[in-house]
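Undergrad: this one's sequence-less:
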């Protein structure tokens, strides 16, 4: 039996301050919830509006109750509340992706999924980057969130003095296919509109650019698409086999 | 002076059948509208709820009226209604991207933007692919729609007998970095959930795969990210300079 106060608590987790206060966040969808359980995240509540044999571990609620707690336009009937996990310390001996003020939840979710695909386990976000436990980020990450650690810290103090290359994407830089990526390293992506901040730019050791075709009049690439290409090129030799 | 019946007509353009009936579609945002005008699209109406010196060519409407015709959650105050342009015939002597049943408007818009970036001018969509003049597609294409031609036709009759290579992305195939792309060619991407249809798969001459890192447990890449990587690899030698 799920009581009203619990539904109210769950709904409150759509807001960051409440997620922090309670140490809880929401995953929607059967697949994402199964992934979280398989990755040893601790469930606080598993709720479903669906009737079926495979939902024994879920508490049943009505569709009306479900639509009140879901953050999705088209709720899929499965919602898990999980404890926000403690993470291992950030380790610059392995690849770190740095996100400098990313605002779009879909972009962060997609970049988490890309990191998972390309074997990158750590993302360091500036404190003004969109929150990783935002329901839209969780949704777009398609379960990869449970396999990639995401940190929020002021960036410059952490990367200052790191002895690894710091790659960053710019409109002007070395064509990315000419870059011989050294492992480990740091790869920086900037805000959707403004790119990498001037202050952080000073710390970039290797400016890389994804060139457009000479016939192109497009102004920019979406940051998640840029990340896809950079991660692909960084792993290209390894994955070529 | 914009009358009520005109606002009603414009709002009706959110639906595909009305866009087809009237031969009109909507572009929102100052930049996208400027792009469309620069690319010789014919405006039917330019409307704005903003006051300013740079909006002389726009008819002024109230914010309330604007919110009625906008398809955006956060309207930006500029909306252009344009005539759907006539397109040149599809030409397999240049690159053609084929989309087989793509459903997500954001994905189609992003792929149009990527095509523009990488100098691909033609996209052939199966009739069940999301409509290119859907306001969310127009929004995600960020102005690139005016520089890339998008066709809707049954695919197999058109590519059958084409003497160019037909590349398609699959979970199993040749690692993409090992593919020597021949120009021109056709590149096929499938539906978000089901991939390329079985019937169309038979026509693929080169199955390519974007391998995941051995540590990855991600199930798939988003189709727009896959397209970013395929287009990048296809243009890699050319753009390396």
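TA: Cool, got the structure. Keep in mind that what you see is a predicted model, and the values were worked out from it rather than measured. Numbering: from 1, shown residues only, chains lettered A, B, ... in the order given.
Undergrad: so for residue A:75, what's the pLDDT?
TA: With respect to pLDDT, residue A:75 scores 89.
Undergrad: do the longest helix seen in chain A and chain B meet at all?
TA: Scanning chain A for the longest helix, with DSSP state H as the assignment, gives helix A:223-240. Yes: judged by Cβ under 8 Å from any Cβ of the partner chain, helix A:223-240 comes into contact with chain B through A:224-226, A:228-229, A:232-233, A:235-240. (Each C-beta comes from the backbone N, C-alpha and C, glycine too.)
Undergrad: list the buried residues of stretch A:95-104.
TA: A:95, A:96, A:97, A:98, A:99, A:100, A:101, A:102, A:104 (16 or more other Cβ atoms under 10 Å in any protein chain shown).
Undergrad: sorry, wrong one. I was asking about stretch A:115-132.
TA: So, applying 16+ other Cβ under 10 Å, buried residues of stretch A:115-132: A:115-126, A:129-132.
Undergrad: in the helix or strand of chain A with the lowest mean pLDDT, what's buried?
TA: Lowest by mean pLDDT, DSSP states H and E among the helices and strands of chain A is helix A:30-38, with a mean of 89. Using 16+ other Cβ under 10 Å as the test for burial, helix A:30-38 gives A:30, A:32, A:33, A:35, A:36, A:37.
Undergrad: could you list the low-confidence segments of chain A?
TA: A:52-56 (pLDDT under 70).
Undergrad: now with 50, please.
TA: A:53 (pLDDT under 50).
Undergrad: is the longest strand anywhere in it anywhere near chain B?
TA: Longest among the strand segments of chain A by residue count, using DSSP state E, is strand A:166-175. Yes: Strand A:166-175 reaches chain B (Cβ under 8 Å from any Cβ) through residue A:175.
Undergrad: check stretch A:114-124 too.
TA: Yes: counting by Cβ under 8 Å from any Cβ, contacts between stretch A:114-124 and chain B involve A:114, A:116, A:117, A:118, A:119, A:121.
Undergrad: pull up the distance across that stretch, start to finish.
TA: Using Cα to Cα, to the nearest Å, the end-to-end distance of stretch A:114-124 comes out at 15 Å.
Undergrad: starting at the chain centroid, how far to it?
TA: 9 Å (Cα atoms, centre = their mean, to the nearest Å).
Undergrad: what do you get for stretch A:227-234?
TA: The answer for stretch A:227-234 is 16 Å, by Cα atoms, centre = their mean.
Undergrad: same deal with stretch A:66-79?
TA: Per Cα atoms, centre = their mean, the centroid offset for stretch A:66-79 relative to its chain is 21 Å.
Undergrad: any part of it near chain B?
TA: No: on the criterion Cβ under 8 Å from any Cβ, stretch A:66-79 is out of touch with chain B, staying 11.0 Å away.
Undergrad: kindly report the same for stretch A:8-24.
TA: No: on the criterion Cβ under 8 Å from any Cβ, stretch A:8-24 is out of touch with chain B, staying 15.8 Å away.
Undergrad: and the helices in chain A?
TA: Counting by DSSP H, the helices of chain A are A:4-12, A:16-22, A:30-38, A:63-69, A:105-117, A:135-140, A:155-159, A:198-201, A:223-240.
Undergrad: burial measure for the closest residue to residue A:6 other than its chain neighbours, as a count.
TA: Closest residue to residue A:6 apart from its sequence neighbours, by Cβ to Cβ, 6 or more residues apart in numbering or on different chains: residue A:45 at 7.0 Å. By other Cβ atoms under 10 Å in any protein chain shown, 18 other residues sit near residue A:45.
Undergrad: buried residues in stretch A:128-144?
TA: Here stretch A:128-144 shows A:129-144 as buried, counting by 16+ other Cβ under 10 Å.
Undergrad: quick one: which of these is nearest chain B?
TA: Nearest to chain B among the buried residues of stretch A:128-144 is residue A:144, at 5.3 Å by Cβ to the nearest Cβ.
Undergrad: please name the nearest non-neighbouring residue to the closest one.
TA: residue A:116 (3.6 Å).
Undergrad: mind checking the helices of chain A for the one nearest to residue B:216?
TA: Counting by Cβ to Cβ, residue B:216 lies closest to helix A:105-117 out of the helices of chain A; the figure is 5.3 Å.
Undergrad: for the buried residues of stretch A:95-104, please prepare a markdown table with the additional fields distance to residue B:209.
TA: Shown next, in a markdown table, are these (distance: Cβ to Cβ, whole Å):
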| residue | distance to residue B:209 |
| --- | --- |
| A:95 | 22 |
| A:96 | 27 |
| A:97 | 23 |
| A:98 | 29 |
| A:99 | 28 |
| A:100 | 32 |
| A:101 | 34 |
| A:102 | 29 |
| A:104 | 28 |
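Undergrad: looking at the residues you listed, which are in strands?
TA: A:96, A:97, A:98, A:99, A:100.
Undergrad: residues touching residue A:108, list them.
TA: When contacts are counted by Cβ atoms under 8 Å, 6 or more residues apart in numbering or on different chains, residue A:108 touches A:99, A:102, A:125, A:129, A:130, A:132, A:134, A:137, A:140, A:141.
Undergrad: do that again at 10 Å, thanks
TA: A:99, A:102, A:123, A:125, A:129-132, A:134, A:136-138, A:140-141, A:145, A:150, A:223-224 (Cβ atoms under 10 Å, 6 or more residues apart in numbering or on different chains).
Undergrad: one more: residue A:28?
TA: Going by Cβ under 10 Å, 6+ apart, residue A:28 touches A:47, A:66, A:69-72, A:75-80, A:135, A:138-139.
Undergrad: what about 6 Å?
TA: A:72, A:79 (Cβ atoms under 6 Å, 6 or more residues apart in numbering or on different chains).
Undergrad: who's it bridged to?
TA: Per DSSP bridges, the residues bridged to residue A:28 are residue A:79.
Undergrad: what's opposite the nearest residue to residue A:170 once chain neighbours are set aside in the beta bridge?
TA: Closest residue to residue A:170 apart from its sequence neighbours, by Cβ to Cβ, 6+ apart: residue A:207 at 4.8 Å. As for beta bridges, residue A:207 partners with residue A:168 under DSSP bridges.
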